[in-house]
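# just to be clear, the model below is a prediction. Sequence and coordinates:
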Amino acid sequence: MARAIIHNSDYESMDETKAAIDRYFAERNAFFLANPRRAGRIIWGKEATPSRFSASNNCKSAKYQYFGL
């Protein structure tokens, strides 16, 4: 989004910038609704190792972990 909207731009006001961001998302969503395709189709199934869940391999920051409180 930054490259598509903000970089190399010179908006007169914050309202113009917000309108450009809203327009970008509306156009992007309309395109993907008109042209649906599965995301990641090129890389799916080519993982180096089989996927499996492991609770010990939680890479989230402790700040965002839910401890069931």
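Great, that's in hand.

# quick check: closest non-adjacent residue to residue 11.
Of all residues not flanking residue 11 in the chain, residue 17 sits nearest, at 4.4 Å (C-beta to C-beta, 6 or more residues apart in numbering). (Glycine included, C-beta is placed from N, CA and C.)

# what residues does that neighbour make contact with?
Counting by C-beta atoms under 8 Å, 6 or more residues apart in numbering, residue 17 makes contact with 5, 6, 9, 11.

# how about stretch 31-40: buried residues?
Using 16 or more other C-beta atoms under 10 Å as the test for burial, stretch 31-40 gives no buried residues.

# pull the distance from that stretch to the chain's centre.
When distances are taken as C-alpha atoms, centre = their mean, to the nearest Å, stretch 31-40 is centred 14 Å away from the chain's centroid.

# separation between residue 5 and residue 16?
Using C-beta to C-beta, to the nearest Å, we find residue 5 at a distance of 11 Å from residue 16.

# who's more crowded, these two?
Legend: neighbour count by other C-beta atoms under 10 Å for residue 5 and residue 16, higher for residue 5 (15 against 12).

# does that one touch residue 22 like I think?
No. Contact between residue 5 and residue 22 fails when scored by C-beta atoms under 8 Å: they sit 10.0 Å apart.

# what pLDDT does the model give residue 21?
pLDDT for residue 21: 90.

# cool, residue 67 as well?
In this prediction, residue 67 carries a pLDDT score of 59.

# same check, this time on residue 9
Reported pLDDT for residue 9: 82.

# ditto for residue 39
70.

# distance check, it against residue 61.
Applying C-beta to C-beta to residue 39 and residue 61 gives a distance of 25 Å.

# kindly report the same for residue 16.
35 Å.

# excluding covalently adjacent residues, which one is nearest to residue 44?
residue 38 (7.9 Å).

# Three-state assignment for the one you found, please.
At residue 38 the chain is in coil, as set by DSSP: H, G, I helix; E, B strand; the rest coil.

# all set, thanks.
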